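# Structure here, sequence nowhere to be found:
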């Protein structure tokens, strides 16, 4: 959904939608990397004992989605600052 918002010109011009779409895309990339590292690289070592980490992070994204739905700007620790530093926000 975030990619669609960033590709459609009339949606991209709305500051609130663009702000949250960029954050959502970045969070999803970070979550995929975390899941990959935990499942592939550490899977043999931990035998699945860290499987709850992606679930907790997914629940946090639901909270962020609710905040975006309410029309609030919020910052994701470290990620928002990185995105602002790259002039993506």
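The structure has been received and is ready for your questions. As the structure is a prediction and not an experimental result, all values here were calculated from the model.
# Point to the residue nearest the middle of the chain.
residue 27 (1.6 Å; C-alpha atoms, centre = their mean).
# so which strand or helix has that one?
Using DSSP states H and E, the secondary-structure element containing residue 27 is helix 15-36.
# could you pull out the helices for the chain?
All helices of the chain, identified by DSSP state H, fall at 2-7, 9-12, 15-36, 43-46, 52-69, 79-85.
# Tell me which residues are up against the second one.
To tie it back to what came earlier, the one meant is helix 9-12. Contact partners of helix 9-12, identified using C-beta atoms under 8 Å, 6 or more residues apart in numbering, comprise 4-6, 17-18, 21. C-betas here are computed from N, CA, C, even on glycine.
# could you flag which of these are buried?
Among the contacts of helix 9-12, those scoring as buried are 5-6, 17-18, 21 (criterion: 16 or more other C-beta atoms under 10 Å).
# for this protein, what helix or strand is lowest in average pLDDT?
Taking mean pLDDT, DSSP states H and E as the measure, helix 43-46 is the helix or strand of the chain with the lowest mean score, a mean of 60.
# Relative to residue 40, how far out is residue 25?
Here the distance between residue 25 and residue 40 works out to 22 Å (C-beta to C-beta, to the nearest Å).
# okay, the helices of the chain, which one's buried deepest?
For the helices of the chain, the largest average neighbour count (mean count of other C-beta atoms under 10 Å) is found in helix 15-36, namely a mean of 16.
# tell me the average confidence for that one?
Across helix 15-36, pLDDT averages out at 87.
# now that helix against helix 52-69, angle please.
Using axes from the mean of the first three to the mean of the last three C-alpha atoms, to 10 degrees, the interaxial angle of helix 15-36 with respect to helix 52-69 works out to 180 degrees.
# sorry, back to before: and the helix holding residue 27, what other elements does it pack with?
Counting contacts by 3 or more C-beta pairs under 8 Å, 6 or more residues apart in numbering; DSSP states H and E, helix 15-36 is packed against helix 2-7, helix 9-12, helix 52-69, helix 79-85.
# Using JSON lines, lay out those together with mean pLDDT and distance to residue 35.
As requested, the helices and strands packed on helix 15-36 are arranged in JSON lines below (pLDDT from 0 to 100; distance: least, C-beta to C-beta, whole Å):
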{"stretch": "helix 2-7", "mean pLDDT": "80", "distance to residue 35": "18"}
{"stretch": "helix 9-12", "mean pLDDT": "77", "distance to residue 35": "28"}
{"stretch": "helix 52-69", "mean pLDDT": "83", "distance to residue 35": "5"}
{"stretch": "helix 79-85", "mean pLDDT": "91", "distance to residue 35": "16"}
